[in-house]
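Student: structure for this input, please:
(one chain, ligands or ions: 1)
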Amino acid sequence: MIEKCMVIIYTKRYCVFCVLAKQFFESNFVAYKEIDISNNIEKLNQLKSETGFMTLPQIFVGGKFVGGFTEMMEKINSGELKLPASAS
Ligand SMILES: N[C@@H](CCC(=O)N[C@@H](CS)C(=O)NCC(=O)O)C(=O)O
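Tutor: So this is what the prediction gives:
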C-alpha cells in the first residue's frame with residue numbers, strides 16, 4: 001500500500017532541520033509528503049504527546065515515527081532504517 005511506505009514530515013517555517021531533511025529526501029529521490037504545522041498548535045501538541053519528541057521536524061516512515069533529521073540519519077547510517085525510494 002502506497003500510504004504504508006510513505007514518508008511524512010511535519011515541519012514549521014524557519015526550521016533548519018526541516019530544510020535539511022527535505023534536502024536529504026530530494027537528493028536521494030525519496031518521495032515525501034510535507035505537512036507544515038507552523039499555524040497549527042493543536043497538531044503540534046498532539047504530535048508532541050504522541051511521539052514524546054519536542055522539536056520539529058517529526059518524520060514518519062510507513063506510519064512509524066523515526067525522529068527528527070539527526071535521529072533519522074543515525075538510523076539510516078546504522079542500517080536500522082531504509083527509506084522507500086520514489087516510484088518516479
Ligand atoms: N535533533 C533534531 C533537532 C530539531 C530542532 O532542534 N528543531 C528546532 C527547529 S529547527 C526546534 O523544533 N526547536 C524547538 C522549538 O522551536 O520549539 C533534528 O535533527 O530534527
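Student: look up phi and psi at M72.
Tutor: The phi and psi values for M72, taken as degrees, to the nearest 10, are phi -60, psi -40.
Student: cool, the one 10 residues further on as well?
Tutor: The phi and psi values for K82, taken as degrees, to the nearest 10, are phi -120, psi 130.
Student: quick one: pLDDT of it?
Tutor: Looking at K82, its pLDDT is 91.
Student: and the one 4 residues further on, by the same measure?
Tutor: Reading off the confidence values, S86 has pLDDT 59.
Student: and for F53?
Tutor: Note on F53: pLDDT of 98.
Student: can you tell me the element it falls in?
Tutor: Assigning secondary structure by DSSP states H and E places F53 outside every helix and strand.
Student: wait, it touches T70, no?
Tutor: No. F53 is beyond contact range of T70, at 11.6 Å (criterion: CB atoms under 8 Å). All C-beta spots, glycine's among them, are computed from the backbone N, C-alpha and C.
Student: neighbour-wise, which of those two wins?
Tutor: Using other CB atoms under 10 Å as the criterion, F53 and T70 rank with F53 on top: 16 against 12.
Student: distance of the more buried one relative to M73?
Tutor: From F53 across to M73, the span is 15 Å (CB to CB, to the nearest Å).
Student: can you pull out the strands in this structure?
Tutor: Along the chain, counting by DSSP state E, strands occupy 7-11, 32-36, 58-61, 64-67.
Student: contacts only, for I8.
Tutor: Shown in contact with I8 (CB atoms under 8 Å, 6 or more residues apart in numbering): 32-33, 35, 59-60.
Student: ok, F53 next?
Tutor: For F53, the contacting residues are 47, 65, 67-68, by CB under 8 Å, 6+ apart.
Student: wait, G62 sits on K82?
Tutor: No. The criterion here is CB under 8 Å, and G62 misses it with K82 at 10.3 Å.
Student: with neighbour numbers in mind, choose between those two.
Tutor: A count of neighbours by other CB under 10 Å puts G62 above the other of G62 and K82, at 14 against 9.
Student: ok, back up a step: scan the contacts of F53 and report the most crowded one.
Tutor: Top of the contacts of F53 by neighbour count (other CB under 10 Å): G68, with 22 neighbours.
Student: confidence score at that residue?
Tutor: 98.
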